[in-house]
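> Model the following, please.
(one chain, ligands or ions: 2)
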Amino acid sequence: METKIFKPNQVEAAAALLRAGQLVSFPTETVYGLGADATNEAAVKQVYAAKGRPSDNPLIVTVTGPAMVEQYAQPLSTKAQALMKAFWPGSLTLILNLQPNALSQAVTGGLKTAAFRNPANQTTLNLIQAAGVPLVGPSANTSGKPSPTLAEHVYHDLKGKIAGIVDDGPAQVGVESTILDLTADVPTILRPGAVTEADLEPVIGQVRSNHHKVGKTEVPKAPGMKYKHYAPDAQVYIVDHETDWDAAFKWAQAQDYSIGVMALDNVLAAHQLPTNVEAYSLGQDLSSASHRLFAGLRHFDPESSVKGILTQGFADDGLGSAYMNRLNKSAGQVHFDPTQA
Ligand code: TXA
Ligand code: MG
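Residues are numbered from 1 along each chain as shown. Ligands and ions are numbered 1, 2, ... in the order given. This is a model prediction of the structure:
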């Protein structure tokens, strides 16, 4: 199958493919999604095949706004309405109870709930409008690989497997949306993203987080969180403190193979880089680091010869929670230990 690349002004042609049951990747402000008509079970099943995704992992339903949600979900609670008003369109996905048989099991994984997302990308809102149906929208990567923040990443993973990609340049946020479960007694963050607990609480009161403590034996509430994720072939080591970089570069220099380094500009500028180190800048702050994290992991994988990747850690707070959640998964919780260097 030829994978066509569409410009933002070509969404009509892309929507025609979606209406015909084909798969088209779409841009969002977080990461690129893999779209299919959420009301077409055969089309939705192809999404799992294209991604190599386990079929018990439910999909996000991507909508133009609250009115589209109301066609499938139970009547919206006051909290749901307040959140949509405050954060939609934007990087907040809401888990809501469904009307009976509103969406196929291929979308929900058999759950009575679904995840609804209204992305802040006008091209994609136009695309859904033109398709006339909500789109399932998992991240458009091969399962287990870093989520795509550029159309090129999608093409790399899915070329020949999907009908098209709508290219709208780099995704701005770079980490996937916050997932908030509104079906729990207390609204619970299942996956941290750019919309933080501190953003949510003024709007709906108390919010819980369950993503800090996903242990090996625990069954994660967002089914996708249990799978290995974002992992390049080389081992990723988290460098927790800026003061650990002296030791980290010394350790890198002592290895007889190449080491990748992903760090902020000030860290890179403050050190003489050993000749076996290949640097990838995370920019100037946490926000640019989140924007570049997945692209950096892809940069070192798998064509690159590096055998280890030292990556800068941040405090597990606010956007830092989203960043560290992804980085911990890609590193398998492995941290650089400066006392071993
Ligand atoms: O930013 C994003 O959310 C991106 C863009 C493309 O919209 N999409 C995305 O989708 O990250 P995906 O499929 O890669 O991640 C969705 C997560 C999975 O971990 C899945 O298990 C969880 O949402 N999920 C979906 N439906 C759920 C439900 N009913 N209850 C709990 N978790 C659910
Ligand atoms: Mg994903």
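
> Compute the distance between T78 and L180, please.
15 Å (CB to CB, to the nearest Å). Quick note: C-beta positions are derived from backbone N, CA and C, even for glycine.

> So for the two, which sits in the more crowded spot?
L180 (29 against 8; other CB atoms under 10 Å).

> Whichever strand or helix holds the more buried one and ligand 1 in contact?
L180 belongs to strand 178-181 when elements are defined using DSSP states H and E. Yes - Strand 178-181 reaches ligand 1 (CB under 6 Å from any ligand atom) through I179.

> Neighbouring strands - and their directions - for that strand?
Applying DSSP bridges, strand 178-181 is found paired with strand 92-97 (parallel), strand 188-191 (antiparallel).

> tell me the mean pLDDT for it?
For strand 178-181, the mean per-residue pLDDT is 98.

> Other residues contacting that strand?
83, 91-95, 113, 115, 187-196, 200, 207, 221-222, 322 (CB atoms under 8 Å, 6 or more residues apart in numbering).

> Now it: buried residues?
178-181 (16 or more other CB atoms under 10 Å).

> cool, stretch 247-267 as well?
Here stretch 247-267 shows 247-249, 251-252, 258-264, 267 as buried, counting by 16+ other CB under 10 Å.

> Just the closest of those residues to D37, please.
Nearest to D37 among these is M262, at 37.5 Å by CB to CB.

> which SS class is that closest one?
At M262 the chain is in strand, as set by DSSP: H, G, I helix; E, B strand; the rest coil.

> What residues are bridge-paired with it?
Beta-bridge partners for M262, by DSSP bridges, are Y280, T311.

> mind listing what it touches?
M262 touches 279-280, 282, 292-293, 296-297, 309-312, counting by CB under 8 Å, 6+ apart.

> One more pass at 6 Å, please.
280, 282, 296, 311 (CB atoms under 6 Å, 6 or more residues apart in numbering).

> And the residue lying farthest from the centre of the chain, what's its pLDDT?
Distance to the chain centre peaks in the chain at A254, reaching 34.6 Å (criterion: CA atoms, centre = their mean). In this prediction, A254 carries a pLDDT score of 95.

> same thing with D56?
85.

> again with the one 10 residues further on
The pLDDT attached to P66 in the predicted structure is 98.

> any idea how far it lies from L94?
Distance check for P66 against L94: by CB to CB, it reads 10 Å.

> Look at those two and report which has more neighbours.
L94 (28 against 17).

> Run a quick check on that one versus F116, I expect a contact.
Yes - counting by CB atoms under 6 Å, F116 is a contact partner of L94 at 5.3 Å.

> ok, back up a step: next one: the strand holding L180 to chain centre, how far?
13 Å (CA atoms, centre = their mean, to the nearest Å).
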